[in-house]
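Provided below are the primary sequence and the corresponding predicted coordinates.
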Amino acid sequence: MACIAYLNKFSAPNALEILSAHGEHEVVRVDSDASLEKSFDIVSRAHAYQCVGARDEVPASLRVSTEFLSRAPNLLVASASGSGVDVFDLEACTAAGVLVVNQAGANAQSVAEHALSMIISLYRYIGKSDLALRKGWSGSRWDFMGTDLAEKKIGIVGIGNIGTRLAQICKNGFDCEVFATDPNVNEEEIARRGAKSVSFERLLRHSDVISVHTPLTDLTRNLFDADAFSQMKEGAVFINAARGSIHSEEALADALDTGHLAGAGLDVWDVEPPPASHRLLEGLNVVATPHIAGCTSHSLENMAECAATQLITIFSGQLAPRPVNPEVLPRFRERYLGFFGGDGLDELSTPRL
């Protein structure tokens, strides 16, 4: 029935095991090291295209752009392996009638735990004291006297699956007061998720820790600039395990160098991986990781399962569980029926999409 193309590999092998149980679909690998001609021989007949959502892991020519779509006339679905969809031009996909889906929530626990570990590492000088011991330190323990996370004020920017999980952990596990700002979630729902809805400006001024869990969009790009960092509490900690470019790296480095901010935990970068000479890697008040917050054995298997089952669901004529551009659904329905008609949907007059 459907031709499902995937770039290089799924996040875990179980995705192919799940898809293989549905032999009516053709599943084909696209090799990013192969020639573009060979890659688009596959993409040109694909109804679905699955790839990782991090832009630095996908060659520009194999990101879903207007040009890509012009060479993929059969494409109905573009699926990201995680929650981020940086490699998909959403406007172009919508215009072309292509449904974009992600696996939002599949790695929420892993990313929330990673953000929490960064906060605690900074508060307790774990990285700094570890390095000192390895260099033969023999001073006073009070050199590394930190502070407790308990009862701190935590500000969360973006209270989706990951932000919600972090809010619950901080509130229930550490008795923290949690603030959140999210234009897509109303005040009552934010409260249900464990936080108090506040404006972005109030969150900046009152939070001891700010953790970013929002997608990278035109509205969030450079959201944390020099002005935003200057409004944060003196001695506050900044965490970003969402996407690079949501914060200005130079502005953050300035805020850390002046001592206005006490520390930062960064899992995402403008360029990934960042060069060893990067300014934010010079000091000991930054906990740095290479975009691994969502990479645990459990989360990768969960993402793979979610991706495979969502594709099967879509090509069974049912509603996609995690659409990113739901406004495309009417056009998507038309194109879906144009390709498949009632094949595989005998019991339905139209797909339940």
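That came through, no problem. Numbers count the residues shown, from 1 in each chain.

Next secondary structure after the host helix or strand of Leu256?
Using DSSP states H and E, Leu256 sits in helix 249-257. Sequence-wise, the next helix or strand downstream of helix 249-257 (DSSP H and E) is strand 261-266.

That following strand packs against which elements?
Secondary-structure packing of strand 261-266 (3 or more Cβ pairs under 8 Å, 6 or more residues apart in numbering; DSSP states H and E): helix 108-123, strand 236-240, helix 249-257, strand 286-288. Backbone N, C-alpha and C define where each C-beta goes, glycine included.

can you tell me which residues contact Cys51?
Residues in contact with Cys51, defined by Cβ atoms under 8 Å, 6 or more residues apart in numbering, are Tyr6, Leu7, Asn8, Val58, Leu62, Ser79, Ala80, Ser81, Val87.

Now, those that are in strands?
Tyr6, Leu7, Ser79, Ala80 (DSSP state E).

Quick one: those residues as a markdown table, columns for neighbour count too.
Output for the ones in strands among the contacts of Cys51, formatted as a markdown table (neighbours: other Cβ atoms under 10 Å):
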| residue | neighbour count |
| --- | --- |
| Tyr6 | 25 |
| Leu7 | 23 |
| Ser79 | 27 |
| Ala80 | 27 |
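
What are the structural domain limits within this protein?
If you go by automatic domain parsing, the domain ranges for the chain are 3-105+297-340, 108-288.

gap between the last one and the chain center?
Taking Cα atoms, centre = their mean, to the nearest Å, one finds domain 108-288 lying 16 Å from the centre of the chain it belongs to.

Quick one: mean pLDDT over it.
Mean pLDDT, domain 108-288: 97.

Do me a favour and get the end-to-end distance for it?
19 Å (Cα to Cα, to the nearest Å).

Remind me what the helix holding Leu256 packs against, helices and strands.
Helix 249-257 sits against helix 226-231, strand 261-266, with contacts defined as 3+ Cβ pairs under 8 Å, 6+ apart.

hey, which of those is tucked in deepest?
Neighbour counts (mean count of other Cβ atoms under 10 Å) averaged over each of these peak at strand 261-266, with a mean of 24.

tell me the angle that one makes with strand 236-240.
10 degrees (axes from the mean of the first three to the mean of the last three Cα atoms, to 10 degrees).

strands paired with strand 261-266, and their directions?
Pairing partners of strand 261-266, with direction, according to DSSP bridges: strand 236-240 (parallel), strand 286-288 (parallel).

Now render those strands as CSV, adding mean neighbour count and distance to Glu24.
Shown next, in CSV, are those (neighbours: other Cβ atoms under 10 Å; distance: least, Cβ to Cβ, whole Å):
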stretch, mean neighbour count, distance to Glu24
strand 236-240, 26, 42
strand 286-288, 19, 46
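
Take those strands and write them to a markdown table, including distance to Phe174.
Output for those, formatted as a markdown table (distance: least, Cβ to Cβ, whole Å):
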| stretch | distance to Phe174 |
| --- | --- |
| strand 236-240 | 14 |
| strand 286-288 | 18 |
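
for those strands, which one sits closest to Phe229?
Shortest distance between Phe229 and the strands paired with strand 261-266, using Cβ to Cβ, is found for strand 236-240: 7.5 Å.

for the longest helix seen in the chain, packing partners?
Across the chain, the longest stretch assigned as helix under DSSP state H is helix 297-314. If you count contacts as 3+ Cβ pairs under 8 Å, 6+ apart, helix 297-314 packs onto helix 14-20, strand 48-51, strand 77-80, strand 99-101, helix 108-123.

hmm, back to that, just tell me which of the helices and strands packed on helix 249-257 ends up closest to Ile119.
Here strand 261-266 is closest among the helices and strands packed on helix 249-257 (Cβ to Cβ), at 6.6 Å.

by how many degrees do that closest one and helix 108-123 diverge?
Note on geometry: by the same axes, to 10 degrees, strand 261-266 and helix 108-123 are set 150 degrees apart in direction.

Next, count neighbours for Ala34.
Using other Cβ atoms under 10 Å, the number of residues around Ala34 comes to 13.

And for the one 3 residues further on?
A count of neighbours around Glu37, defined by other Cβ under 10 Å, yields 7.

would it count as being in a helix?
Yes: judged by DSSP: H, G, I helix; E, B strand; the rest coil, Glu37 forms part of a helix.

Against Gly341, how distant is it?
Computed as Cβ to Cβ, to the nearest Å, the Glu37 to Gly341 distance reads 31 Å.

Also Asp218?
On the measure of Cβ to Cβ, Asp218 and Gly341 end up 38 Å apart.

hang on, the earlier thing: just the buried residues of the helix holding Leu256, please?
Glu249, Ala251, Leu252, Ala253, Asp254, Ala255, Leu256 (16 or more other Cβ atoms under 10 Å).

Just to check, the fourth one is in contact with Leu280?
Okay, so that is Ala253. Yes: the pair Ala253 and Leu280 qualifies as a contact (Cβ atoms under 8 Å) at a distance of 5.4 Å.

next structured bit after the longest helix of the chain?
Once the chain leaves helix 297-314, the next helix or strand it forms, by DSSP H and E, is helix 329-340.

from the chain's centre, how far out does that next one sit?
Remark: helix 329-340 is offset 28 Å from the chain centroid, using Cα atoms, centre = their mean.
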